[in-house]
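Below are the sequence and a predicted model for it; my questions follow.
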Amino acid sequence: MAAAVDTPLADEERALKQFEFYFTDANLPYDKFMWKLHTQSDDHWIPIATIASFKRMKEFEPKGTEWLLNVLRTSTGLIEIDETGTKVRRAKDLVQPKDQFERSVYAKGFPDETPDLQVRLETFFGQFGKVNAVRMRRTEEKVFKNSVFVEFDDFASVKSFLEADPKPSFEGTELLTMSKEAYCTMKIKEKGLDKKGVTPRTHSGTGGAGGRKQFDAFQQHPGGPKKEKEPVVVKFQGKEYTLDGQGKVQVSIDEFEFAKGSAIKFTGAGSGDPKFGEIKNPLKEKFTPLPFIKMDKGATEGVFGFGKTLSEEDVAFLKEKVPTIGGGEVTWEPLSEEDERAFHYWRLQDQAKRAHTDAQTPNQKGGAKGGRFGNKDRGGKPHNKGRNDSKPKSRNDSKPKSKSDDAKPKSKGGEDEPVEALKAGKTRGEVEPSGESAGQGIRGAAIPSIVSTGAKRKAEGESESPEKKPKVEE
């Protein structure tokens with residue numbers, strides 16, 4: 001067959017084809033770096049900017065992010081874009097491909113590598129049928145070996161290539177061609193190996209240079225994708241909230257609904273160590289569940305949080321039963337709506353964070369827990385002390401960026417510091433149990449397990465900032 005006719009694809013088509021390739025069956029489960037990105041969150045969203053920074057996408061960089069976004073939106077179903085237009089994920093369930101080894105061929109006789117050789121190779125092999133992947137074989141020093149493995153989409157394309165008459169030629173040079181199976185058999189004989197003791201890889205990857213093991217997500221988990229975990233749900237003031245993949249409730253502080261007048265502030269506490277159990281015991285006859293108490297260590301003021309709006313009778317009862325805290329006579333006053341909103345929102349997100357951590361803790365069978373978590377917003381010691389979330393670096397040594405937490409109100413200082421400290425995330429003090437009822441490629445990095453890869457219709461959450469936790473009075 002004559003050399004390929006130069007029929008370059010339009011920039012838009014080439015960009016989409018290359019971008020989608022990273023998410024294909026032929027690449028995603030065998031690309032260690034992409035798999036790390038794909039599995040770093042339960043929702044599988046990946047920043048578009050991260051993939052746009054890959055070497056083979058660099059040529060499209062001058063066209064701008066809006067151009068690329070418009071191109072990606074023309075995808076016919078393999079990928080989907082989030083509502084913000086900043087993230088992408090695979091839209092189809094990932095199923096282990098079949099017959100990859102049998103649908104792959106070997107070809108040798110190509111020129112030394114140039115920046116556009118990969119594109120020329122893909123165009124050339126596209127003459128014979130649909131191509132899933134063209135993998136340039138390299139030495140341990142990453143030098144192109146002038147040969148490739150090609151995975152075709154079907155056996156008809158394999159036959160078209162191997163039985164071409166005359167034999168395929170690339171830019172005037174006749175190629176040495178054979179099936180991948182024939183090539184492997186030839187190499188086994190050359191090396192004097194026992195064929196029975198050699199198990200060829202079933203996919204089209206080239207393997208690591210110098211015999212390094214090729215990553216294969218399916219081989220790491222031969223039982224197939226793990227079942228999707230039960231979503232984690234927390235209950236707060238009678239309402240249930242489903243957590244996102246980062247352990248956050250997807251409601252902003254402005255949209256968050258709570259029982260107004262359900263928190264009350266006290267001032268004038270003494271320097272003695274408050275005994276929360278003693279404080280709450282007299283309240284049992286009127287309040288179920290018992291209140292959540294937030295008080296910074298050494299502070300003279302704090303907040304009681306209840307599960308319902310307090311009536312005048314409730315407040316009078318509270319004042320009667322809790323006249324002193326820490327040896328000092330206290331004064332009670334309502335919180336401003338802004339401070340009360342911040343207080344309850346902090347309680348909700350703190351409860352959600354701990355429920356998420358509990359759900360990630362493997363049970364005795366080795367699986368992670370899921371399910372419902374009630375109003376046990378104890379706000380206490382972190383379960384993930386010393387935790388260091390591992391996220392993959394970019395192939396080009398750049399880290400995928402993530403947004404910070406929802407903006408937190410700044411501390412105003414002065415008399416309102418304890419309440420404002422809650423809004424600013426300053427939780428170094430002591431938080432007491434609420435008593436509410438239960439409702440219920442980085443190269444060499446650890447590789448996450450295969451999880452369900454179908455689209456999960458969840459709102460995307462932002463990554464959370466590190467936060468010091470309060471102590472808990474057990």
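Looks like it arrived, so ask away. Residues are numbered from 1 along each chain as shown.

Now the residue nearest to Gln18 when sequence neighbours are not counted, what are its backbone angles?
Spatial nearest neighbour of Gln18, excluding adjacent residues (Cβ to Cβ, 6 or more residues apart in numbering): Arg56 at 5.5 Å. (Each C-beta comes from the backbone N, C-alpha and C, glycine too.) Phi and psi for Arg56, reported as degrees, to the nearest 10, are phi -80, psi 0.

low-confidence ranges in the stretch 101-250 of the chain?
195-213, 220-229 (pLDDT under 70).

Surely Thr177 is within a strand?
Yes: Thr177: assigned to a strand according to DSSP: H, G, I helix; E, B strand; the rest coil.

helix or strand for the residue nearest to it when sequence neighbours are not counted, which one?
Computed as Cβ to Cβ, 6+ apart, the closest residue to Thr177 that is not its neighbour in sequence is Ala107, at 5.0 Å. Per DSSP states H and E: Ala107 is located in strand 104-108.

Tell me which helix or strand comes right after that strand.
Past strand 104-108, the next helix or strand by DSSP H and E is helix 117-125.

For that following helix, name the packing helices and strands.
strand 131-138, strand 144-152 (3 or more Cβ pairs under 8 Å, 6 or more residues apart in numbering; DSSP states H and E).

what's the next secondary structure element after the longest one?
Using DSSP H and E, the helix or strand that directly follows strand 144-152 along the chain is helix 155-162.

give me the number of residues near the residue nearest to Gln18?
17 (other Cβ atoms under 10 Å).

do Ser104 as well
27.

what's the answer for Gly129, then?
Applying other Cβ under 10 Å, I find that Gly129 has 17 neighbouring residues.

Ala352 too?
Neighbours of Ala352 using other Cβ under 10 Å come to 25.

tell me what whichever strand or helix holds it is packed against?
Assigned by DSSP H and E, Ala352 belongs to helix 337-360. Counting contacts by 3+ Cβ pairs under 8 Å, 6+ apart, helix 337-360 packs against strand 232-236, strand 263-267, strand 301-305, strand 371-373, helix 417-423.

Show me which residues of it are buried.
Using 16 or more other Cβ atoms under 10 Å as the test for burial, helix 337-360 gives 339-356, 358-359.

cool, and stretch 248-255?
Within stretch 248-255, judged by 16+ other Cβ under 10 Å, the buried ones are Lys248, Val249, Gln250, Val251, Ile253.

how about the fourth one, what does it touch?
Residues counted as contacts of Val251 (Cβ atoms under 8 Å, 6 or more residues apart in numbering) are Tyr241.

And the buried residues of stretch 248-255, which is closest to Trp67?
Gln250 (30.3 Å; Cβ to Cβ).

hang on, the earlier thing: could you give the mean pLDDT of the helix holding Ala352?
Averaging pLDDT along helix 337-360 yields 88.

so it versus strand 263-267, what angle?
Angle of helix 337-360 versus strand 263-267, following axes from the mean of the first three to the mean of the last three Cα atoms, to 10 degrees, is 110 degrees.

mind listing what's buried in the helix or strand harbouring Glu313?
Under the criterion of DSSP H and E, Glu313 resides in helix 312-321. By neighbour count on 16+ other Cβ under 10 Å, the buried set for helix 312-321 is Asp314, Phe317, Leu318, Lys321.

go on, stretch 166-179?
Pro168, Ser169, Phe170, Leu175, Thr177, Ser179.

My guess is the fifth one contacts Ser169. True?
To tie it back to what came earlier, the one meant is Thr177. No: the criterion here is Cβ atoms under 8 Å, and Thr177 misses it with Ser169 at 10.3 Å.

just to revisit the earlier point, residues contacting the helix holding Glu313, please?
Ile264, Pro282, Leu283, Lys286, Phe287, Phe304, Phe306, Leu310, Trp332.
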